[in-house]
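# model this:
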Amino acid sequence: MKRINLLTISICCYLLLSATLQASTIYVSSQQEFDNAHDNAAMNDSIIWENGSYADIYMDISKDDLFISAASLGNTVFTGDSRVEITGDHITLRGFQYLNGDVGTRDVLSIRGSHILITQINIRAYRSYKYLRVRESSQYVDITYCNFENRLNLDDQNILSILVHETNPGYHKIQYCSFKNFDGSGNDLGIEPIRIGLSTQANRISRTLVEYCYFTQCNGDGEIISSKASQNVYRFNTFEDNPLAELVLRHGSEAIVYGNFFLQGKGGVRVREGQNHYIYNNYFYDLRDRPIFLQNESSDPLADINIAFNTILNSAEVRLGGDGSNPPTNVVFANNIFAMPMESIFEDATGMETWIGNMSEGSLGISRPSNGLTNLNPELERNSEGFFGLSSFSPAIDAAIVGYKELPSFEGIADIDSDISSDLMGQARPASIDQKDLGCNEFPHDILIQPMVTEENTGPHYNTSMLTSLESTSVVVEDLIQIHPNPVSDELHISINSPKRMDLTISIFNMEGKFVDTLVTRKNFFGEGTLSKNMAHLPVGLYTIRASGKIQEEQVEHIQSLKLIKVE
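Numbers count the residues shown, from 1 in each chain. As a prediction, this is how the structure comes out:
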């Protein structure tokens, strides 16, 4: 009886939703057309802006489950007093440029909804309060392949701001974005490219992930990233040519800084406050002020700071925070390489540091500890791209020593390398600690040591320095697939119709917007076909099936979304 009731309820839900299972597409080219399209939109509809330049457009997105995109990526340009406010959930905003505008003391993009995707957006040469702000009430906001550049006003406000709820982590992601060319004097001017949290939110758990991003010429504040909440992860980023700024763990605890390149600039990582921070597997080179700076602060003194498997070369001193009344405590340096210092390697030792398995070459600058910091040339070699790795005769090979902490795992952030099973380039390290190499790279270097993230492979997939795209990708919303039965209990049949050869992906997401599984991946698919997938393992509920097919030679992307009801 219970089974029948559940099935009946599910079918009723299906009938109520059937009008919206097949999404509509509305093309717009004015404020009035957008407002009408939004007000009349049903679940899963798409609103597509025609190519062109538009002034003073305000997109107030309050409905849920909408896909809002430029007709061609980068070829819809908003200027003047143009801005967006998103209070709905399950929204995708894609492919727009915001250029040379002025929104006064408001944000260009303001987000209060959850399960939001902001992608392929370029904001450049605007006057605003912030470029993008995610409010405390939001969760699961993904910001991908965007460029943030050159805000014109030098007011004391950051560029991308993530605010943190008192009890609910945000689980936000900033991925494959570029941040560049912010003028200013550094110091405390206030134009941080990214700020996560506030000083009053230091004890709140954010769990924001910043990965595969590129930062250059970010001079609007001394802090490129200002981390002011707890349990954030900063990994696989490139910080290059930032003469006035560095990554700063300002407030909060349990930050992870892992697998980044810090190159040619003021500094690498400044740790001002908090406990249980981790700086692992990073490459520091040519930093003229300090590669790592542990501060001596009374407000929230540093404790339990873990620094391991880093390579620090051709840089100024690592500052250890010994000068003052509140020195850092329980600081562990493990299995790092320090070489080619500009002058000395360290300054301001507290005398309480723990040294495990480190190797240094050059003037130390402090009294050498009795153990854990060996004075020995690591025998490095420069590769074809100008980056240093271990030579075949390096004494750093198989020289790691136990005693360092593993990285913590945070629910909601995947693939944290807790036991340092990979090196900087993602090359596998041996499982046994005494077979791991010192520094950030494992020998032999099967993957060439160089930044994975560059200006060329981050930001939107169009030319952000020009008004319109040189290689635009058109977005066509149409029927690629049909699914039956719907509702489904076990076997789902997917009929595919591709009039041209395309790279096709079909995925399923739950109603929280979380990825569940990839159902189909086909390269160079053409014609018609039907395949079956067993859905018996899925919990009862409502899901979204998303199909995306790219026709490369035409720079066209076909998209479609359908709702699927799973019953017992």
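
# can you tell me how far residue 56 sits from residue 31?
Distance of residue 56 to residue 31, computed by Cβ to Cβ, to the nearest Å: 8 Å. Every C-beta, even on glycine, is put in place using the N, C-alpha and C of the backbone.

# for this protein, where's the lowest mean pLDDT among helices and strands?
One helix or strand of the chain scores below all others by mean pLDDT, DSSP states H and E: helix 2-21, with a mean of 44.

# what's the span of stretch 226-238, first residue to last?
Criterion Cα to Cα, to the nearest Å; first-to-last residue distance in stretch 226-238 is 16 Å.

# so which bits of that stretch are buried?
226-238 (16 or more other Cβ atoms under 10 Å).

# ok, and what's touching stretch 25-36?
Applying Cβ atoms under 8 Å, 6 or more residues apart in numbering, the external contacts of stretch 25-36 come out as 37, 40-41, 45-50, 52, 54, 56-59, 71, 477-478.

# swap the cut-off to 7 Å and go again
37, 45, 46, 47, 48, 49, 50, 52, 57, 59, 477 (Cβ atoms under 7 Å, 6 or more residues apart in numbering).

# list the buried residues in it.
By 16+ other Cβ under 10 Å, the buried positions in stretch 25-36 come out as 25, 26, 28, 34.

# show me what the second one bridges to in the sheet.
Beta-bridge partners of residue 26, counted by DSSP bridges, are residue 47.

# tell me the pLDDT at it?
Per-residue pLDDT puts residue 26 at 94.

# of the buried residues of stretch 226-238, which pair is most distant in space?
In these, two members sit farther apart than any others by Cβ to Cβ. They are 230 and 238, at 24.9 Å.

# coming back round to it: just the contacts of stretch 25-36: which are in strands?
45, 46, 47, 48, 49, 52, 59, 477 (DSSP state E).

# which of these are buried?
Among the ones in strands among the contacts of stretch 25-36, the ones that count as buried by 16+ other Cβ under 10 Å are 45, 46, 47, 48, 49, 59, 477.

# surely the second one and residue 37 touch.
Pointing back at residue 46 there. No - using Cβ atoms under 7 Å, residue 46 makes no contact with residue 37, being 9.5 Å away.

# quick one: low-confidence ranges for the stretch 401-550 of the chain?
Across the stretch 401-550 of the chain, the ranges flagged by pLDDT under 70 are 466-478, 511-513.

# the same query, at a cut-off of 80, please.
465-479, 499, 511-515, 550 (pLDDT under 80).

# how about the helices of it, start to end?
Secondary structure of the stretch 401-550 of the chain (DSSP state H, counting those that start in this stretch): no helices located.

# repeat that for the stretch 1-150 of the chain.
Residue ranges of the helices in the stretch 1-150 of the chain, as given by DSSP H, counting those that start in this stretch, are 2-21, 31-40.

# mean confidence score for the last one?
Averaged across helix 31-40, pLDDT comes to 97.

# from the chain's centre, how far out does it sit?
Between the centre of helix 31-40 and the centre of its chain there are 32 Å (Cα atoms, centre = their mean, to the nearest Å).

# how does this structure divide into domains?
As assigned by automatic domain parsing, the chain contains the domains 24-146+460-471, 478-566.

# which one of the ones you listed lies closest to residue 444?
Residue 444 sits nearest to domain 478-566 of all the domains of the chain, at 32.3 Å, using Cβ to Cβ.

# on that earlier part again, dump the buried ones among the ones in strands among the contacts of stretch 25-36 to a markdown table, plus distance to residue 491.
Putting these into a markdown table (distance: Cβ to Cβ, whole Å) gives the following:
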| residue | distance to residue 491 |
| --- | --- |
| 45 | 29 |
| 46 | 29 |
| 47 | 34 |
| 48 | 34 |
| 49 | 39 |
| 59 | 41 |
| 477 | 28 |
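
# for residue 304, state which of the buried residues of stretch 226-238 is nearest.
Distance ranking of those against residue 304, using Cβ to Cβ, places residue 230 first at 13.3 Å.

# what is that closest one paired to in the beta sheet?
Residue 230 forms beta bridges with residue 205, as assigned by DSSP bridges.

# correct me, but it touches residue 207?
No - here residue 230 lies out of contact with residue 207, judged by Cβ under 7 Å, at a distance of 8.5 Å.

# hmm, back to that, just flag the most distant two among the buried ones among the ones in strands among the contacts of stretch 25-36.
Once Cβ to Cβ is applied, those give 59 and 477 as the farthest pair, at 17.8 Å.

# on that earlier part again, and the buried ones among the ones in strands among the contacts of stretch 25-36, which is the shakiest by pLDDT?
Lowest pLDDT of these: residue 477, 56.
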